[in-house]
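# Following is a predicted model, sequence given first.
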Amino acid sequence: MSIEVRRHDNRSRGQSSAVSLRPEAAGRSQPQEFDARLLQSIRQARQRTSAGNVRAGGAERARLSNATLFDLSRSQEVLAYIVREVLPGLDLDEDIRNLTASMLNDEIESRRDLQQRLMQAQSS
């Protein structure tokens, strides 16, 4: 079986078309337009972010300076809450639920061990 492909072009050379006959012209303008739009969207995003930071800057600094945010005991409480309250309410298979609970409990234990070692190091 053989297929013959022929180009059937009824347009005359003088007829205008939506496609440029000079591919290099289109190749130059499209990336420039894309870059310009990209820069514009980045600038707009930065302006929105900086405007929001002016209002929330003080609260954010206060929250980040709070040492209890990174406290190991707090993370243990959060993980225990997830195991006790969140995990049972999820629509999971029993095996997956048990595996997840086991992994989270192991993480709680490792954080307890780390906290104890840190306390011992600080006391000595």
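That came in fine, so what should we check first?
# care to break the protein down by domain?
With domains defined by automatic domain parsing, the chain comprises 23-65, 68-124.
# what sits against residue 114?
Taking CB atoms under 8 Å, 6 or more residues apart in numbering, we find residue 114 in contact with residue 72. The C-beta positions use only the backbone N, C-alpha and C, and glycine is treated the same way.
# Buried residues of the strand or helix carrying it, list them for me.
Here residue 114 sits within helix 94-123, counting by DSSP states H and E. Under the neighbour-count criterion of 16 or more other CB atoms under 10 Å, helix 94-123 has 104, 108 buried.
# Kindly compare burial across the domains of the chain and name the winner.
Of all the domains of the chain, domain 68-124 has the most neighbours on average by mean count of other CB atoms under 10 Å, namely a mean of 12.
# So for that domain, mean pLDDT?
On average, the pLDDT along domain 68-124 is 89.
# gap between residue 109 and residue 84?
The gap separating residue 109 from residue 84 is 15 Å, by CB to CB, to the nearest Å.
# scratch that, residue 94 is what I was asking about
The value you get for residue 94 to residue 84, if CB to CB is used, is 17 Å.
# again with residue 71
Residue 71 is 19 Å from residue 84, by CB to CB.
# try residue 95
As judged by CB to CB, residue 95 and residue 84 stand 19 Å apart.
# same check, this time on residue 36
The spacing between residue 36 and residue 84, counted by CB to CB, is 54 Å.
# Next: residue 116.
Taken as CB to CB, the span from residue 116 to residue 84 is 22 Å.
# Can you show me the helices along this protein?
Secondary structure of the chain (DSSP state H): helices located at 23-65, 72-81, 94-123.
# Including distance to residue 88, could those helices go into CSV?
Listed next are the helices of the chain as CSV, based on distance: least, CB to CB, whole Å:
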stretch, distance to residue 88
helix 23-65, 30
helix 72-81, 12
helix 94-123, 8
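# show me the contacts for residue 111.
Counting by CB under 8 Å, 6+ apart, residue 111 has contacts 72, 75-76, 79.
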